[in-house]
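Q: Kindly generate the corresponding structure for this input.
(chains A and B)
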Amino acid sequence: MKNNEKKIEEELNSNESRSLNFIETIIEEDIKNNKHGGRIHTRFPPEPNGYLHIGHAKSICLNFGLAEKYNGKCNLRFDDTNPTKEEEEYVNSIIEDVKWLGFDWEDRLFYASDYFDQIYEWAVKLISEGKAYVDDQPSDVISEQRRTPTRPGIESPFRNRSIEENMDLFEKMKKGEFPDGYRVLRAKIDMSSPNMHMRDPVIYRILHATHHRTGDKWCIYPMYDFTHGQSDYLEGITHSICTLEFEIHRPLYDWFLDNLIETEYRPRQYEFARLNLSYTVMSKRKLLELVEEGYVNSWDDPRMPTISGMRRRGYTPESIRNFADRVGVAKRDNVIDVGLLEFSVREHLNKITPRIFAVLNPLKIIITNYPEDQVEELELEVNPEDTSMGTRKVPFSREIYIEQDDFMQDPPKKFFRLGPGREVRLKGAYIIKCEDYKKDENGNVVELYCTYDPETKSGSGSQRKVKGTLHWVSVAHAIDAEVRLYDRLFIKEEPDVVDKEGENFKSNINTDSLKIITGKIEPGVLGVKAFDKFQFQRLGYFCVDPDSTNEKLVFNRTVTLRDSWAKVSKKK
RNA sequence: UGCCUGAUGGUGUAACUGGCAACACGUCUGAUUCUGAAUCAGAAGAGUCCAGGUUCGAACCCUGGUCGGGCAACCA
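A: From the prediction side, this is the model:
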């Protein structure tokens, strides 16, 4: 099974003819020109203020994948410059998620806060060169003076303070002599720049907050723009890859480096389009709303596109990595069909999961000509895709459950399942024929009476063929389990597109995204552990939820099997 | 109506930088099947946002448009 996994990945990765994405093209060009001595060093720089989602997974796979491919390195760096939003809880979950995805940063786990001393020195350097100043104005005034992108901004009255005064004030900011927001340090760049980020950006602000790593050492904190490029520089990053919305920050990224650094070496920022998934929202803010307002149960609710949610849902790291490979990397906005994600999970799960019988909507069958107290232990394959996984024993007896959907009182010709007088094979057992059935007072079918053909036992060499094969579970041996059936969280491909004024993405929530039922499962399931994965035959892939106990099994449906019958029957 | 940026089948990504548009998902046939799964074989589907231009030849180059995304946090 390990070999299978390897093979899928190899096929995707080392296919010689596979074309390069634009970043790989740049990298290969850089290597050819011996830029950075041919060295490749990337980084994944999350802010520890939330849980990672599938969009981050794309970035993680990109950054770590590039390093792997080009014999380089990739750092994990927490961009923790805002103590009011960041927490250790998130650091831990991010570390767990990146590891789970299968990536290794070795000893290169960094925090931007590791560099606060150096960054402070750099701020002082800018001040001493007249390239930064302390502004006493409140944020709304500063913002107003920046004006709009179409009109040049106005210079702050404090812009031309003396270097000495700036030094003194910045020192006092650092010492904690002012309350939050009282003053800021700004880079002196260009208030009339068409790029708003160049209009004297704030680079340090006063925040009397305890930082998750530096504690109370600081009460001034550098802004993202004044931290990221320098951190890249300090870590020897060659290719600093981020999403498109930072494109407009690049001139600033370069400005700081050019004004701070004497050496020739420069990291360079490249931007790619973030991942969007159909029927999904991806922003941290929106995901947070779903959690806080109870639309889902938690950050790792299996309906969430978070890494932890997907893990709990039963996705494998391999399937996510393969998905990330397939979506590609480019600069244009995109919406990936969730179907592609589902394809990637099925592809992997098909190869690795044990098959098992589970009946989710039971309909009882009595096999009238089968001996009352006879039980046969039938031998079935664990995984037809991988015979090395061996066989399992499944008990068969006179009373069994089948799926309600597998019987129709008045079936159409193309229905290859059970109906009055029709025959099917019970997988791994016998061919049975439906002789009669019983209805309750509401007209619902509650019991089937069938006969079996003892000559047709599986493996006996019987030549009789029937079109349909059903899964089943022996009534006397069935184990009850809670089964959580998940569906997409939104009813619209693009949840942000709303019909009426005043609506938002939450108007498009699928109110039926979770159905909890009790299923009947073959006794072989006893003893399963959290995150164990199975294919419930003919139904889909399921995974043991951490809520599961020995007394009460709980399964999550990861994804259904492809169902071409559903398509056919829907058309009619 | 400023600046940055993008536009290729239904979706996503390619096209050796000028040589008759490919791959994956999806869709549709058919074969096979003790999972209506998987597998296998095949098909349909874009002429590359528009209009000009350069060229023997343009998705790739030039000019001008159109449409989409981003940017005005003491967030990242």
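
Q: what's the closest non-adjacent residue to the residue in the stretch 401-550 of chain A that RNA strand B sits nearest to?
A: Nearest residue of the stretch 401-550 of chain A to RNA strand B, counting by C-beta to the nearest atom of the strand: A:S458, 2.3 Å away. For every residue, glycine as well, the C-beta is placed using N, CA and C. Nearest-residue entry for A:S458: A:G428, 5.0 Å, with adjacent residues in sequence omitted and distances by C-beta to C-beta, 6 or more residues apart in numbering.

Q: One more: A:R213?
A: Once its chain neighbours are removed from consideration, A:R213 has its nearest residue in A:S113; the separation is 4.8 Å (C-beta to C-beta, 6+ apart).

Q: right, and that neighbour touches A:T81 too?
A: Yes: look at A:S113 against A:T81 with C-beta atoms under 8 Å: they come within range, at 7.2 Å.

Q: re earlier: what is the neighbour count of the residue of the stretch 401-550 of chain A closest to RNA strand B?
A: 18 (other C-beta atoms under 10 Å).

Q: Closest residue of the stretch 301-450 of chain A to RNA strand B?
A: Closest point on the stretch 301-450 of chain A to RNA strand B, by C-beta to the nearest atom of the strand, is A:G328, at 2.6 Å.

Q: how much space between that residue and A:N63?
A: 15 Å (C-beta to C-beta, to the nearest Å).

Q: again, but for A:K393
A: A:K393 sits 47 Å away from A:N63, going by C-beta to C-beta.

Q: Which one's more surrounded, these two?
A: Under the criterion of other C-beta under 10 Å, the comparison of A:K393 against A:N63 puts A:N63 first, with 23 against 12.

Q: Under a three-state scheme, what state does the more buried one occupy?
A: Per DSSP: H, G, I helix; E, B strand; the rest coil, the local secondary structure of A:N63 is helix.

Q: Same check on A:A481?
A: Reducing the assignment at A:A481 to three states with three-state DSSP gives strand.

Q: Check A:S569 too.
A: Criterion first, three-state DSSP; result for A:S569: helix.

Q: what's the burial count for A:G390?
A: Residues within reach of A:G390, counting by other C-beta under 10 Å, total 11.

Q: Quick check: A:Q145 is in a helix.
A: Yes: per three-state DSSP, A:Q145 lies within a helix segment.

Q: so what's it up against?
A: With contacts defined as C-beta atoms under 8 Å, 6 or more residues apart in numbering, A:Q145 is in contact with A:137, A:153-156, A:191.

Q: Repeat the analysis, applying 6 Å as the threshold.
A: The neighbourhood of A:Q145, defined by C-beta atoms under 6 Å, 6 or more residues apart in numbering, consists of A:153-154.

Q: in chain A, which helix or strand is least confident?
A: Sorted by mean pLDDT, DSSP states H and E, the helices and strands of chain A end with helix A:2-13, the least confident at a mean of 37.

Q: which helices and strands sit right next to the helix or strand that that one is followed by?
A: Scanning forward in sequence from helix A:2-13 by DSSP states H and E, the next helix or strand is helix A:22-32. For helix A:22-32, the packing partners by 3 or more C-beta pairs under 6 Å, 6 or more residues apart in numbering; DSSP states H and E come out as none at all, with no helix or strand in contact.

Q: Count the neighbours of A:E482 for me.
A: The local packing count at A:E482 equals 16, with neighbours defined by other C-beta under 10 Å.

Q: Can you say which helix or strand has the residue nearest to it when sequence neighbours are not counted in it?
A: The shortest distance from A:E482 to any residue that is not its chain neighbour, by C-beta to C-beta, 6+ apart, is 4.6 Å, and that residue is A:V554. Under DSSP H and E, the secondary-structure element containing A:V554 is strand A:553-560.

Q: who does that strand pair up with?
A: Strand A:553-560 has these partner strands in its sheet, going by DSSP bridges: strand A:479-486 (parallel), strand A:540-544 (antiparallel).

Q: Quick check: residues of the stretch 201-350 of chain A near RNA strand B?
A: When proximity is defined by C-beta under 7 Å from any atom of the strand, the stretch 201-350 of chain A lies next to RNA strand B at A:202, A:205-207, A:221, A:223-225, A:228, A:244-249, A:273, A:326-337, A:339-340, A:343, A:346-347, A:350.

Q: Just to be sure, which of the residues you listed are found in strands?
A: In strands, defined here by DSSP state E, the members of those are A:202, A:205-206, A:221.

Q: Tell me the helices and strands packed up against the host helix or strand of A:E171.
A: Element membership of A:E171 [criterion: DSSP H and E] is helix A:163-175. Counting contacts by 3+ C-beta pairs under 6 Å, 6+ apart, helix A:163-175 is packed against strand A:132-135.

Q: so A:I31 sits right up against A:G38, yeah?
A: Yes: because the distance of 5.1 Å satisfies C-beta atoms under 6 Å, A:I31 is recorded as touching A:G38.

Q: Those two: which is more packed in?
A: When A:I31 and A:G38 are compared for neighbours, A:I31 comes out ahead with 17 against 14, by other C-beta under 10 Å.

Q: Need the per-residue pLDDT for the more buried one.
A: The per-residue pLDDT reported for A:I31 equals 94.

Q: got the domain boundaries for chain A?
A: A:3-114+A:227-347, A:116-223, A:358-471 (automatic domain parsing).

Q: Out of these, which is the most enclosed?
A: Most buried of the domains of chain A by mean neighbour count (mean count of other C-beta atoms under 10 Å) is domain A:3-114+A:227-347; its value is a mean of 18.

Q: hang on, the earlier thing: just name the most buried of the strands paired with strand A:553-560.
A: Ranked by average neighbour count under the criterion mean count of other C-beta under 10 Å, these are headed by strand A:540-544 at a mean of 25.

Q: So which residues make contact with it?
A: By C-beta under 6 Å, 6+ apart, the surrounding residues in contact with strand A:540-544 are A:314, A:349, A:528, A:530, A:532-536, A:555-561.

Q: Output that strand as CSV, nothing but the C-alphas.
A: As requested, C-alpha coordinates have been extracted for strand A:540-544 and formatted as CSV (Å, rounded to 0.1, in the frame of the first residue of the first chain):
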residue,chain,number,x,y,z
GLY,A,540,-18.7,5.7,-0.1
TYR,A,541,-15.7,6.3,2.1
PHE,A,542,-16.1,6.6,5.8
CYS,A,543,-13.8,7.5,8.6
VAL,A,544,-14.0,6.8,12.4
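
Q: Give me every residue in the stretch 351-500 of chain A lying close to RNA strand B.
A: By the rule C-beta under 7 Å from any atom of the strand, the part of the stretch 351-500 of chain A lying against RNA strand B is A:355, A:383-385, A:414-417, A:425, A:427-429, A:456-460, A:462, A:465, A:468-469, A:471.

Q: one more time with 6 Å, if that's ok
A: A:355, A:384-385, A:414-417, A:425, A:427-428, A:458-459, A:468-469 (C-beta under 6 Å from any atom of the strand).

Q: if we can go back for a sec, if I look at the residue nearest to A:E482, how far off is A:I356?
A: The value you get for A:V554 to A:I356, if C-beta to C-beta is used, is 15 Å.

Q: element containing A:D232?
A: Secondary structure assignment for A:D232, by DSSP H and E: helix A:228-235.

Q: ugh, wrong one, I meant A:S59
A: In this structure, A:S59 sits in helix A:54-69 according to DSSP H and E.

Q: what packs against that helix?
A: Where contact means 3+ C-beta pairs under 6 Å, 6+ apart, helix A:54-69 is packed against strand A:41-44, strand A:73-78, helix A:317-327.
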